[in-house]
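Engineer: here is a sequence with its predicted model. Questions after.
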Amino acid sequence: MIQLRAISRDYEVGNRPVHALSHLDLSIARGEYFSIMGPSGSGKSTLLNIIGCLDRPTAGSYMLDGREVAHLGENDLTLVRRHKIGFIFQSFHLVPRLTAAGNVELPMVFAGIEKGERSDRADRALEAVGLSQRADHRPEQLSGGERQRVAVARAIVMGPSILLADEPTGNLDSESGGEIVRLIEKMNSDGLTLLVVTHDPAIGSRAGSQIRLADGYTSNK
Amino acid sequence: MFISDLILFSAGAIRKHRLRTVLSILGVAIGVASVILLTSLGEGARQYVIEEFAALGTNILIILPGKIETTGMAPFIGGTPHEITIEDIQVLRRQIPGVRNIAPIVPGMATVRFGEKSRDITVAGTTSEMQGVRKLHINIGRFLPPGELDRGQHVCVIGPKVQAELFAGTNPLGEILRIGDERFRVIGVMAPRGMSLGMDLDDVVFVPVIRAMKMFNREGLFRVLIGTYSYQDISRLRAAVLAFMKQRHDGVEDVTALTQDSVISTFGRILTILTAVLVGIAAISLSVAGIGIMNVMLVSVSERTREIGLLKAVGVSSSQILGAFLVEAAVLSTSGGAVGLAVAFSLTRVMRVLYPSFPIEPPVWAVLSAILVSISVGMIFGALPARRASRLDPVAALAKR
């Protein structure tokens, strides 16, 4: 479902061009469990942002579910993100003034889903991550592992086809980190395509398919 | 996306920072309150001046014989102009609607004697309606009696100065004054009034009009004062009276009608400009309040950069983010407007209690525009921060520390 062909992403830092990604090819099938590993600065976050339609490649082709999205306009990319992609971040990115349920509802609020349906779907998503008891708690009242589970619930609530996790355990102790990994792996086994970016080989090596990035190039194993 | 959700979302963001929210709301409230208060004051002053003028006699139309023209040749068709007669005003009274009261005046100088004291003063012939036209107050006794205009008793009403000079302050009611060669019984003394419309109302003796015409050997009336029901009615009545007199005088327009219109409209203009200046000054405070809102919104955008990045990541469009921040600014400024309205209304109420004679009332247009302006202040000064928020690059916004 994801097909990258000759993807490059160049930045300008000062007047110096930086090649974050160079001529990268990648295919990910539906339902696959995929990991991208590499040291910091290897371009793995850039790759994740491009796959997540937060960023556009400088050159190359990106087919998502049979549609070329590499050069879509901003509004179209927004819609792709809204309906197809769920993000999980290292630092959770929960809105501190909203409850767990409020955070999970957030994408649905702006997608124009009605209040009744919103809270039903948020309840189910929180149940899926085992946080039904905590729906009314604000992020500051939750542990790190619980916060990341709220973020997982938010990522799946719009029914995406891909779950993108950027260092999902980076801010967690190993126990709750392990719980999060098992949680998203379970979602993968239920059919969700899962893409994990990590510098931690212990996590990345659990994936069915793996690539390793160095300086913008793949070094496939 | 529902607007109620958007407002809830924005209000939630505002509530997070109570102090700075309250301060920026206060800024708008002060601006809105001062706009409303100053317009109310200006409007009140205008109303007050117009009403005072009306009390002095602005809704008086003055008719005099002869045509006053500043340009062109005087028409000599009828030779000397027609006099205005008592009969004219009697018919006019019956035929022209909108005449509240009508009083002739025939003045002259005469020697007035009581006992050994005498005094050369203005003696004015008029009718009972003069009291209503000029809003004269009677100190003791009563004014000239109503009755047939062409049959006048030998009675008179004197000004307070005449009383002081001739009667040395004693009660003159029932005493006999000699005016010229005739004897008049004093039936009333007026309250002090001073100069008005070119006549010292304190130093005057009013007698029935027919007595004055005989005494001064006049055929016609010197002036006719017509009181109207409202200030607005004057120009209509003026045209009607001129047409009426022209018809009675064989189609010759040979009377002049004067109003105090120009005086009032000048004062009205001055006070309108004054109000505009006051509103302008108040508007400055409103724009300062707008800058306060812009500042708060810029801080809010900068603090919530990561939240904006997250919103973009979960599929919130740039225009929705723009809308959310605009609504947030509008919620701030509109609450400020509401507080300002409440403050302005309670202050004007207090002022009405303290100064009941001063008509202070927030004009409807000022209230409506204050509400509109406070919303648009939020929109205008929120536009820049909101645009900044909507244009953030999601990758950079998410990565911000």
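Structural biologist: Received the coordinates, thanks.

Engineer: only C-alpha atoms for contact and neighbour calcs from this point on.
Structural biologist: Noted.

Engineer: phi, psi of A:Arg5?
Structural biologist: phi -130, psi 120 (degrees, to the nearest 10).

Engineer: list the contacts of it.
Structural biologist: Going by C-alpha atoms under 8 Å, 6 or more residues apart in numbering or on different chains, A:Arg5 touches A:23-26, A:60-62.

Engineer: among those residues, which ones lie close to chain B?
Structural biologist: When C-alpha under 8 Å from any C-alpha of the partner chain is applied, no member of the contacts of A:Arg5 is adjacent to chain B.

Engineer: redo these as a markdown table? Include distance to A:Asn188 and pLDDT.
Structural biologist: As requested, the contacts of A:Arg5 are exported to a markdown table (distance: C-alpha to C-alpha, whole Å; pLDDT from 0 to 100):
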| residue | distance to A:Asn188 | pLDDT |
| --- | --- | --- |
| A:His23 | 28 | 90 |
| A:Leu24 | 25 | 90 |
| A:Asp25 | 23 | 92 |
| A:Leu26 | 19 | 92 |
| A:Gly60 | 28 | 93 |
| A:Ser61 | 26 | 95 |
| A:Tyr62 | 22 | 95 |
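
Engineer: what's the closest of those to chain B?
Structural biologist: Of all the contacts of A:Arg5, chain B sits closest to A:Tyr62, with 18.2 Å by C-alpha to the nearest C-alpha.

Engineer: what packs against the strand or helix carrying the closest one?
Structural biologist: Per DSSP states H and E: A:Tyr62 is located in strand A:59-64. Contact here means 3 or more C-alpha pairs under 8 Å, 6 or more residues apart in numbering or on different chains; DSSP states H and E; on that basis strand A:59-64 packs against strand A:2-13.

Engineer: what pairs with the strand it packs on, parallel or antiparallel?
Structural biologist: Strand A:2-13 pairs in its sheet with strand A:16-28 (antiparallel), strand A:59-64 (antiparallel), by DSSP bridges.

Engineer: can you tell me which of those is most buried?
Structural biologist: Most buried of those by mean neighbour count (mean count of other C-alpha atoms under 10 Å in any protein chain shown) is strand A:59-64; its value is a mean of 19.

Engineer: starting at the chain centroid, how far to that one?
Structural biologist: Distance of strand A:59-64 from the chain centroid (C-alpha atoms, centre = their mean, to the nearest Å) equals 18 Å.

Engineer: again with stretch B:353-360
Structural biologist: For stretch B:353-360 - counting by C-alpha atoms, centre = their mean - the centre lies 14 Å from the chain centre.

Engineer: over to stretch B:29-48?
Structural biologist: Offset of stretch B:29-48 from its chain centre (C-alpha atoms, centre = their mean): 14 Å.

Engineer: rewinding a little: need the next SSE after the strand holding A:Tyr62, C-terminal direction.
Structural biologist: That would be, after strand A:59-64 and using DSSP H and E, strand A:67-68.

Engineer: and the stretch 251-400 of chain B, which residues reach chain A?
Structural biologist: Counting by C-alpha under 8 Å from any C-alpha, the stretch 251-400 of chain B sits next to chain A at B:306-307, B:310-318, B:320, B:394-395.

Engineer: for beta bridges, what are the partners of the spatially closest residue to A:Ala155 that is not a sequence neighbour?
Structural biologist: The shortest distance from A:Ala155 to any non-neighbouring residue, by C-alpha to C-alpha, 6 or more residues apart in numbering or on different chains, is to A:Gly86 (4.1 Å). On the basis of DSSP bridges, A:Gly86 is bridged to A:Leu163.

Engineer: can you classify B:Met294 as helix, strand or coil?
Structural biologist: helix (DSSP: H, G, I helix; E, B strand; the rest coil).

Engineer: now for it: which residues touch it?
Structural biologist: B:Met294 neighbours (C-alpha under 8 Å, 6+ apart): B:329, B:378, B:381-382, B:384-385.

Engineer: most neighbours among those residues, which one is it?
Structural biologist: Highest neighbour count within the contacts of B:Met294, by other C-alpha atoms under 10 Å in any protein chain shown: B:Ala329, with 31 neighbours.

Engineer: what sits against it?
Structural biologist: Residues in contact with B:Ala329 (C-alpha under 8 Å, 6+ apart) are B:293-294, B:297, B:378-379, B:381-382.

Engineer: quick one on the thing from earlier: would TSV of the contacts of B:Met294 with secondary structure and pLDDT be doable?
Structural biologist: Formatted as TSV, the contacts of B:Met294 follow (DSSP: H, G, I helix; E, B strand; the rest coil; pLDDT from 0 to 100):
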residue	secondary structure	pLDDT
B:Ala329	helix	93
B:Gly378	helix	89
B:Phe381	helix	93
B:Gly382	helix	93
B:Leu384	helix	93
B:Pro385	helix	94
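
Engineer: give me the residue at the spatial middle of chain B.
Structural biologist: In chain B, the residue lying closest to the centroid (C-alpha atoms, centre = their mean) is B:Gln47, at 2.3 Å.

Engineer: so it sits against B:Ser357, correct?
Structural biologist: No: at 10.8 Å, B:Gln47 does not count as touching B:Ser357 under the criterion of C-alpha atoms under 8 Å.

Engineer: of the residues of the stretch 251-400 of chain B next to chain A, which belong to strands?
Structural biologist: Under the assignment DSSP state E, these contribute nothing to strands.

Engineer: what's the most distant pair in these?
Structural biologist: B:Gln320 and B:Val395 (17.9 Å; C-alpha to C-alpha).

Engineer: show me the domain layout of chain B.
Structural biologist: With domains defined by automatic domain parsing, chain B comprises B:3-53+B:265-399, B:60-259.

Engineer: can you flag the weakest of those domains by average pLDDT?
Structural biologist: For the domains of chain B, the weakest mean pLDDT is recorded on domain B:60-259, namely a mean of 85.

Engineer: surely B:Pro394 meets B:Ile308?
Structural biologist: Yes: counting by C-alpha under 8 Å, B:Ile308 is a contact partner of B:Pro394 at 7.5 Å.

Engineer: strands paired with the lowest-mean-pLDDT helix or strand in chain A, and their directions?
Structural biologist: When the helices and strands of chain A are scored by mean pLDDT, DSSP states H and E, strand A:217-218 comes last with a mean of 70. Strand pairing for strand A:217-218, using DSSP bridges, gives strand A:209-214 (antiparallel).

Engineer: can you pull the buried residues of the strand it pairs with?
Structural biologist: Buried residues in strand A:209-214, counted by 16 or more other C-alpha atoms under 10 Å in any protein chain shown: A:210-214.

Engineer: for those, give me TSV that also has pLDDT.
Structural biologist: Formatted as TSV, these follow (pLDDT from 0 to 100):
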residue	pLDDT
A:Gln210	92
A:Ile211	91
A:Arg212	90
A:Leu213	89
A:Ala214	82
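
Engineer: for chain A, give me the ranges with low pLDDT.
Structural biologist: Across chain A, residues meeting the criterion (pLDDT under 70) sit at A:216, A:219-221.

Engineer: residues from chain A in reach of chain B?
Structural biologist: Looking at chain B, the residues of chain A close enough under C-alpha under 8 Å from any C-alpha are A:49, A:54-55, A:75, A:78-83, A:85-87, A:93-95, A:97, A:107, A:109-113, A:155.

Engineer: buried subset of those, written for ChimeraX?
Structural biologist: Buried members of the residues of chain A next to chain B, defined by 16+ other C-alpha under 10 Å, are picked up in ChimeraX with:
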select /A:49,54,55,78,79,80,81,82,83,85,86,87,93,94,95,107,109,110,111,155
